[in-house]
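J.: Here is a sequence together with a model predicted from it:
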Amino acid sequence: MKHNLSQDLEKKFRSSAPGYWASKGVSEEEWNSHIWQLKNRITSLSGLEEHLVLSEEERNGVILSGSKLAMAITPHFFNLIDKEDPNCPIRRQVIPRVEETWEMDYEMSDPCGEDSHMPVPGLVHRYPDRVLFLVTDRCASYCRYCTRSRVVSGAGDQELDTDYEAAFRYLEEHTEVRDVLLSGGDPLLFSDAKLEKILVRLRSIEHIEFLRIGSRIPIFLPQRITPELCEMLQKYHPLFISVHTNHPRELTSEVKAGLERLANSGIPLGNQSVLIRDVNDDAEIMKSLVHKLLMCRVRPYYMYQMDLIKGSSHLQVPVAKGIEIIEKLRGHTTGYAVPQYVIDAPGGGGKIPVNPEYMVQRNDERVIVRNYEGRSFEYPEPAVSPDPILDY
Ligand SMILES: *Cc1c(COP(=O)(O)O)cnc(C)c1O
């Protein structure tokens with residue numbers, strides 16, 4: 001995977017300017033319009049082959065993807081593909097491969113057990129005080145390892161079928177819910193007006209303190225992050241946005257500008273990465289990514305072990321690799337740059353943190369811990385003085 005590595009480690013914010021598309025008659029104005037980008041997504045084999053020479057594995061993957069998870073790639077994101085590199089980390093994320101039809105017996109169509117935690121269609125209530133609200137089944141582009149491929153893109157055999165009214169009523173009745181995470185699909189694919197209606201309704205519920213949106217639109221379609229969208233969103237604070245970036249090359253100058261517009265609207269930004277084989281399963285790549293994220297004012301939030309979604313075996317990375325990456329970040333670079341590595345437990349156990357072992361030994365008297373350089377230190381447990389009242 002060391003193709004173009006030096007460029008990826010440079011930490012430059014390159015432009016995804018029309019370039020090649022301009023030579024096909026696309027104007028700057030069209031390119032900068034998110035409507036044009038959406039209308040001109042690459043969604044078919046012939047469309048893809050107009051721009052790129054495919055391998056047999058990819059060709060067959062594209063043909064077979066029609067009944068699973070659709071292919072869609074915005075011209076913006078497509079422009080980041082290095083056409084000379086068959087293993088390009090951008091290419092691997094969005095172009096189907098025939099390996100997607102391989103299924104391991106431990107792989108699942110609903111790896112996080114969401115369907116069994118839905119009190120209302122489209123609303124996942126797994127944790128005590130927060131819910132995941134799946135507001136749409138569409139994205140600007142489709143990640144080939146999508147954990148929700150069973151319902152996303154309209155190609156699979158299951159439908160999302162979100163019942164908005166029932167979801168709002170559930171939230172009104174469940175006063176323990178103080179945090180609503182809008183996801184999908186990608187909520188920022190909605191028009192400003194449609195998204196605002198949802199936010200207004202949620203803000204009318206007094207016990208909901210905190211709103212967040214999970215979106216890859218700032219990465220796939222930075223043109224959508226308009227000043228008007230930002231102006232609308234900032235009326236509904238506290239509102240956080242979690243973006244999804246996996247590789248430093250995704251952070252272009254356009255993406256950076258969009259993220260800055262969101263940050264300037266007072267929206268704290270986090271990033272969720274998924275560990276993907278031959279994309280970011282390398283400590284140097286990951287370090288370059290998290291540094292670039294901080295330069296875009298995005299705090300790395302989670303690094304996910306890939307869910308055991310059907311047809312993902314060619315993209316899976318061993319947990320040992322994930323631990324090694326965290327070990328090479330923690331202490332070696334800015335604490336803000338280090339995400340929490342998690343496994344979303346198969347079957348619905350939720351996100352579980354996975355950490356390198358820093359505790360060497362622990363008993364009532366002392367703990368022995370090691371630092372990022374491997375040196376051990378003793379921390380004596382403070383003696384607990386007897387309670388003067390209870391201890392007579
Ligand atoms: C990830 C997730 C959340 C949010 O989890 P945090 O750790 O608070 O970010 C909430 N509900 C569901 C079902 C989730 O999968």
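T.: Noted; the coordinates are in hand.
J.: Let me see the contact set for residue 258.
T.: 218, 222-225 (Cβ atoms under 8 Å, 6 or more residues apart in numbering). (Glycine included, C-beta is placed from N, CA and C.)
J.: per-residue confidence averaged over the helix or strand harbouring it?
T.: In the assignment (DSSP states H and E), residue 258 maps to helix 253-264. Mean per-residue pLDDT for helix 253-264: 98.
J.: Now do the next helix or strand after it: which elements does it pack against?
T.: The element immediately downstream of helix 253-264 (helix or strand, assigned by DSSP H and E) is strand 269-274. If you count contacts as 3 or more Cβ pairs under 8 Å, 6 or more residues apart in numbering; DSSP states H and E, strand 269-274 packs onto strand 239-244, helix 253-264, helix 283-295, strand 298-304.
J.: If you count neighbours, what's buried in the helix holding residue 258?
T.: For helix 253-264, a neighbour-count test (16 or more other Cβ atoms under 10 Å) marks 254-256, 258-263 as buried.
J.: which residues touch the nearest residue to residue 65 once chain neighbours are set aside?
T.: Using Cβ to Cβ, 6 or more residues apart in numbering and skipping the chain neighbours, the partner closest in space to residue 65 is residue 96 (4.0 Å). Contacts of residue 96 were listed using Cβ under 8 Å, 6+ apart, and they are 58, 61-62, 64-65, 69, 71, 144.
J.: Residue 54 belongs to a strand, doesn't it?
T.: No: in this structure, residue 54 is coil, not part of a strand, as judged by DSSP: H, G, I helix; E, B strand; the rest coil.
J.: What pLDDT does the model give it?
T.: Reading off the model, residue 54 has pLDDT 97.
J.: shouldn't it be in contact with residue 46?
T.: No: between residue 54 and residue 46 there is no contact under Cβ atoms under 8 Å: 11.1 Å.
J.: Neighbour count for these two, which is higher?
T.: residue 54 (19 against 8; other Cβ atoms under 10 Å).
J.: Phi and psi next, for the more buried one.
T.: The phi and psi values for residue 54, taken as degrees, to the nearest 10, are phi -100, psi 150.
J.: nearest residue to it other than its sequence neighbours?
T.: Counting by Cβ to Cβ, 6+ apart, the residue nearest residue 54 is residue 48, at 6.8 Å.
J.: swap in residue 97?
T.: residue 61 (4.0 Å).
J.: Now that we have the contacts of residue 258, which of them are buried?
T.: By 16+ other Cβ under 10 Å, the contacts of residue 258 give 218, 222-225 as buried.
J.: quick one: contacts for the residue nearest the centre of the chain?
T.: Closest residue to the average C-alpha location of the chain: residue 244 at 3.0 Å, with Cα atoms, centre = their mean. Residue 244 sits next to 143, 214-216, 219, 271-274 when contact means Cβ under 8 Å, 6+ apart.
J.: same thing with residue 90?
T.: 77, 80-82, 247, 249-250.
J.: Just the ones of those in helices?
T.: residue 77 (DSSP state H).
J.: Residue 139: neighbouring residues, count only.
T.: Neighbours of residue 139 under the rule other Cβ under 10 Å: 24.
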